[in-house]
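Student: Provide a 3D model corresponding to the input given below.
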Amino acid sequence: MNFSGDSPFIIQNVYPIGATAFCFSSVAIIIGIFIIIVVYRSKRTLHTCRHLLMCNSSVALIFYNVVQCNNYLHVMFLTWQTSDMSCRWRAYFSYISPISISYSYFMQTLSRFFFTILAAKYPTLITKKIHWTLIMINWIIAILMPLGSLVTEVVRFIPNAFCWIPLEATVHIAPSIFGHYVFPVLAAVGMYIFIYYRMKRSRETVRNYANSRNNSQMEMRVLRNILITVGIFLITGIPNVILIFTKMNLFYIITILAWPFGTAAVQICTIFLDRELYKVVRTMFVSRRSPLPSERA
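Tutor: Take a look at the predicted model:
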């Protein structure tokens, strides 16, 4: 989530900053679309509940960067759009997108909780129907949570500034930070710790140690990948946290650049960290680079 004040947070060098952020967002959009196409065309290889939620996260990342690109265009070129209502709509969509991202990774962790802890007792929890329900809940939360930025007058148009909630609006910022970031991140980390503890205990009690160990390693690898991507977002959010406490324009600019850069980095990490996805992508490029029989002769 991003927040701005009324007067201090004005972008002086609009075009270089907006163009740089636009490039990062464009890269993230292209990679996200590529991931979704690869998963869709892989037939049975990647048609799993895990990759379904992965594609949901890619959709959320694409949506975020499309919204940000629209914001960059308004700041750089569409300067005649000075309506407060138009600004509130841009703020509303600017808040939907990061919320959808944070809760999409929370849903991924919740899915692993279903598979590792509850699957034996409640097998219906690991069906695709349940995972489509998780995706629907993800987007309902994202749509409803930031409604305050749209129905109230806290967001106003400021030239050369993004349409964000002012830092002075503590009533809006405090619950927003908790609901949008603190809760999904702490809940995901808490479930990770609980899953790790339960799997460690199960390995000590299960007789078929080899199979249990292989399954545990696979689940821990998946959870590790989720935590790495969440960690990237936490790192890119550090300038935003510093901005809230210092209200320095420098961290306002860094925040604008850090988030699109972080989303592009997460999309790249998704390809390299997921073994099945990486194998499919690698096979695609290797097969295209392989010489034809006539070329070998």
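Student: So what touches whichever strand or helix holds residue 280?
Tutor: Here residue 280, judged by DSSP states H and E, is contained in helix 275-289. With contacts defined as C-beta atoms under 8 Å, 6 or more residues apart in numbering, helix 275-289 is touched by 35, 38-39, 42, 45-46, 51, 54, 221, 270-272. From N, CA and C alone the C-beta is placed, and that goes for glycine too.
Student: Drop anything exposed from the residues you listed.
Tutor: Buried members of these, counted by 16 or more other C-beta atoms under 10 Å: 35, 38-39, 42, 46, 51, 54, 270-271.
Student: Let me know whether residue 259 touches residue 67 as I believe.
Tutor: No: with contact defined as C-beta atoms under 8 Å, residue 259 does not reach residue 67; the gap is 11.0 Å.
Student: When these two are compared, which one has more neighbours?
Tutor: Neighbour count, other C-beta atoms under 10 Å: between residue 259 and residue 67, residue 259 has more, with 27 against 19.
Student: Quickly note the distance from that one to residue 24.
Tutor: Between residue 259 and residue 24 the computed distance is 9 Å (C-beta to C-beta, to the nearest Å).
Student: same check, this time on residue 182
Tutor: Here the criterion is C-beta to C-beta. By it, residue 182 lies 26 Å from residue 24.
Student: Likewise for residue 73?
Tutor: Taking C-beta to C-beta as the measure, residue 73 falls 15 Å from residue 24.
Student: more crowded one of those two?
Tutor: Set side by side, residue 73 and residue 24 show more neighbours around residue 24, with 21 against 13, by other C-beta under 10 Å.
Student: Leaving out sequence neighbours, find the closest residue to that one.
Tutor: residue 260 (3.7 Å; C-beta to C-beta, 6 or more residues apart in numbering).
Student: hang on, the one you found packs against residue 21?
Tutor: Yes: with contact defined as C-beta under 8 Å, residue 260 counts as touching residue 21 (5.0 Å).
Student: Could you check the pLDDT of residue 83?
Tutor: Listed pLDDT for residue 83 reads 84.
Student: ok, it - contacts?
Tutor: Contacts of residue 83 (C-beta under 8 Å, 6+ apart): residue 157.
Student: Just the endpoints, please. Distance across stretch 42-55?
Tutor: 13 Å (C-alpha to C-alpha, to the nearest Å).
Student: Contacts for it next, please.
Tutor: 35-36, 38-40, 104, 107-108, 111, 115, 126-128, 131-132, 134-135, 222, 270, 274, 276-277, 280.
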